[in-house]
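> Compute the structure for the input listed below.
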Amino acid sequence: MDASSPAGPLHVETEALRTELARVREQLARQMIEKQFLEAALTAMVEPPAATVDVNAVAAETLEYVLNAVHVDIGAIYLGGEASNSLRLVAARGLDSLGKAALVAVQAIEQLSTVVLAEGRPILVSAASGDDERLSGLAALGIQSLAAAPLVAKGSVRGTLGIASRSPRRLGDDDLRFFERLTRQAGIAIANASLYHDLQQAYQELQSAQERLIEAERQKVAIQMAGAAAHELNQPLTVIIGYTSILLQRSDQSDPNYPMLAILERNARKISEIVKRLSQITRYKTRDYAHDDTILDLRPESPE
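As a prediction, the model looks like this:
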């Protein structure tokens, strides 16, 4: 018996064990890296900066996190309801740098998204099979696989997130499971941004309505005060004009007091015209005055 023969099977088993151990270590290392990246990515996605209220901007940032986590460089986010015809592209990556391959891949992601919405689950298709029409023409452009998943938040479908891998990167079942976990959080992030945007818009509309209400009350008070002032001024002014007119009628033009009485009557009638305009004010209008102040505009309206 050859002394070396028993060592042959043992050596093979040892090498196989080492290979399997290396594979497990590599898998564990990848899982640890993915876990760390996932925690950082989810924190950034679910808690976007308070200043970020634009849904498209949040979608683009979320897509960036997902693509970096899955190690691909082509992806797209479509938002809309559960009906496939309502999807709209809000974020895409790879179009500028990868040209036609990325464009065709994003179009394929849109087609795949309609199936994802119809079936309500993530879908992974690979160019390796060669029999999936959704990948028709993609393999020639170096696209290895596509994956898409619904973006869901609070039981409502917000849209889809899709990715594409280029050769030699090929997405597998582990990638799909990890991708699905990311899209769950992506859906929450986009929903939060949408809710924040809606709340801010509602607040701005409320603030605008309050400002209009305050302005309307200000105009109402000004008009009421103008009417009250006109009423109070009109009575003594009528007496002044009346007595001045009588004195003018009883005075001779040669009387040294006659010019002063005429000036008094003329200005009293001018004041009477101003008081009349005060009583007829129906809208609040101001004009510039001295020292950057504004006053109620009592000038006659220009003819249309």
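
> check contacts around the residue most central in space within the chain.
Geometric centre of the chain, nearest residue: Asp54, 3.1 Å, by Cα atoms, centre = their mean. By Cβ atoms under 8 Å, 6 or more residues apart in numbering, the contact set of Asp54 is Ala193, His197. All C-beta spots, glycine's among them, are computed from the backbone N, C-alpha and C.

> now it: how far from Tyr196?
The gap separating Asp54 from Tyr196 is 10 Å, by Cβ to Cβ, to the nearest Å.

> Same question for Leu213.
From Leu213 over to Tyr196 (counting by Cβ to Cβ), the distance is 26 Å.

> which of those two has more neighbours?
Tyr196 (17 against 10; other Cβ atoms under 10 Å).

> and the helix or strand where the more buried one lies, average pLDDT?
Using DSSP states H and E, Tyr196 sits within helix 173-250. For helix 173-250, mean pLDDT rounds to 84.

> after it comes which helix or strand?
helix 258-279.

> Just the pLDDT for the residue nearest to the centre of the chain.
77.

> Renumber starting at 15 from here on
Let's use 15 as the start, then, which means that last one is Asp68.

> can you give me the strands in the stretch 65-214 of the chain?
Assigned by DSSP state E, counting those that start in this stretch, the strands in the stretch 65-214 of the chain fall at 88-93, 102-107, 137-140, 157-167, 170-180.

> Could you list the paired strands of the shortest one along with their orientation?
The one in question is strand 137-140. Here strand 137-140 is paired, per DSSP bridges, with strand 157-167 (antiparallel).

> Likewise for the last one?
Listed by DSSP bridges, the sheet partners of strand 170-180 and their directions read strand 88-93 (antiparallel), strand 157-167 (antiparallel).

> now the last one against helix 187-264, angle please.
So the one you mean is strand 157-167. Relative orientation of strand 157-167 and helix 187-264, computed by axes from the mean of the first three to the mean of the last three Cα atoms, to 10 degrees: 50 degrees.

> Good, wrapping up.
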